[in-house]
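Enquirer: Show me how the following folds:
(chains A, B and C)
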Amino acid sequence: MPELPEVETVRTDLKRKLLNKRIKEVEVRLPKIVRPKNFAATLTQNSFVDVTRRGKLIIFHLKKKGFMLVHLKMTGQLVFRDHDQFTVGGHSQKGMGMDLPNKYSHVIFKFEDESQLFFNDLRQFGYLKIVNQTELNKVLAKFGVEPLEPEFTPEKWQKLTENRRTNIKAFLLNQAVVTGIGNIYADEVLFASHVLPTRTVNTLTTREKTAIYKNIRLILQKAIDHRGTTFNDYVDGDGKKGSFIQFLKVFHKNGEPCPDCGAIIQKTRVVGRGTHFCKNCQV
DNA sequence: CTTCTTGTTACTGA
DNA sequence: ATCAGTAACAAGAA
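Expert: As a prediction, the model looks like this:
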């Protein structure tokens, strides 16, 4: 599941590779994935001059007016292939991680230097959308604070958590509060902070709130350093898996012993999501 | 066959 | 107005 660390990894990978390459052709194999109807025509002969991110949303800045927004949702991938990476003598090269395009390649960008960018999505939840500046502003207005930016201060966190009567898991998943946290990192942050996912936000002590604040920053940054978490589908801009899975302490560990105390990790459902915790370490 | 998976949003109700 | 809670979406794995 691409969350902030995974999306950030893809963003930096792609920014390094495809800036200012002229787009020769865009092949849309599954039209419902893109918007608006003139998606391919808008991009043809255009180029990307910057790649930025807000929460889990990737923003490609177009040379000729506008932006392309890409959301990977659960199983989306953006994989770049240089010319010599996917064909050798006309044959698909093996051992590169994945052969592309595959049956989940719904949009293919072809650049003038014969490199390609593939948008793959098994569940077809993701999307690519061209917007203008006004539309972009409207979309970004709904996003909460970026947890790794300087604007996310302890004071701001204390203010955000005042008078909230929802549980802390739902609060961490709420993109209008803090952007970029999904199911994996919500569970990991709460375990590291010794707080149960079902705790109501306004009953948390200052000490607990501070622990959550610090762990959001620590864990997201460490996950970026390890290029994200790959369970099934997530890959970086090269089609390679992230390695943060080895640092997960509770997510998908139900039935296994807690790494801190040895108690069995529990799994329940909170706000409709699989939620993992140690009933001994978290209160 | 049923159940499970998650990011986001529409919708409902307080 | 603001906040909270839930269903729905999609499609494949088990």
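Enquirer: Neighbours of the residue in the stretch 101-250 of chain A positioned nearest to DNA strand B, how many?
Expert: Using Cβ to the nearest atom of the strand, the single residue of the stretch 101-250 of chain A nearest to DNA strand B is A:G182, 2.6 Å away. Placement of C-beta: from N, CA and C, glycine included. By the criterion of other Cβ atoms under 10 Å, A:G182 has 22 neighbours.
Enquirer: how close does it sit to A:G237?
Expert: Distance, A:G182 to A:G237, using Cβ to Cβ, to the nearest Å: 19 Å.
Enquirer: circling back to that earlier point, gap between the closest residue to the residue of the stretch 101-250 of chain A closest to DNA strand B other than its chain neighbours and DNA strand B?
Expert: Computed as Cβ to Cβ, 6 or more residues apart in numbering, the closest residue to A:G182 that is not its neighbour in sequence is A:E3, at 3.6 Å. Distance from A:E3 to DNA strand B, counting by Cβ to the nearest atom of the strand, to the nearest Å: 5 Å.
Enquirer: A:E3 reaches A:G180, doesn't it?
Expert: Yes: between A:E3 and A:G180 there is a contact under Cβ atoms under 8 Å: 6.1 Å.
Enquirer: got any residues that touch both of these two?
Expert: A:K56 (Cβ atoms under 8 Å, 6 or more residues apart in numbering).
Enquirer: okay, those two: which has more neighbours?
Expert: It is A:G180, of A:E3 and A:G180, that has more neighbours when counted by other Cβ under 10 Å, with 26 against 23.
Enquirer: so that one sits in a helix?
Expert: No: the assignment for A:G180, made by DSSP: H, G, I helix; E, B strand; the rest coil, is coil rather than a helix.
Enquirer: what's it in contact with, if anything?
Expert: Neighbours of A:G180 in contact, by Cβ under 8 Å, 6+ apart: A:E3, A:L4, A:V7, A:G55, A:K56, A:E146, A:P147, A:L220.
Enquirer: now the helices: where do they sit in chain A?
Expert: Ranges of helices within chain A are A:4-18, A:39-43, A:83-86, A:133-140, A:154-160, A:168-173, A:183-192, A:206-225, based on DSSP state H.
Enquirer: Which strands or helices does the fourth one pack on?
Expert: In this structure, helix A:133-140 packs against strand A:67-71, with contacts taken as 3 or more Cβ pairs under 8 Å, 6 or more residues apart in numbering; DSSP states H and E.
Enquirer: Would you give the sheet partners of the strand it packs on, along with the direction of each?
Expert: Applying DSSP bridges, strand A:67-71 is found paired with strand A:57-62 (antiparallel), strand A:127-131 (antiparallel).
Enquirer: Now those strands in a markdown table, please, with extra columns for distance to DNA strand C, mean neighbour count and mean pLDDT.
Expert: Formatted as a markdown table, these follow (distance: least, Cβ to the nearest atom of the strand, whole Å; neighbours: other Cβ atoms under 10 Å; pLDDT from 0 to 100):
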| stretch | distance to DNA strand C | mean neighbour count | mean pLDDT |
| --- | --- | --- | --- |
| strand A:57-62 | 17 | 21 | 95 |
| strand A:127-131 | 11 | 20 | 92 |
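Enquirer: Tell me the residues of the stretch 101-250 of chain A that contact DNA strand B?
Expert: Within reach of DNA strand B by Cβ under 7 Å from any atom of the strand, the stretch 101-250 of chain A has these residues: A:F125, A:K142, A:L173, A:Q175, A:G182, A:N183, A:I184.
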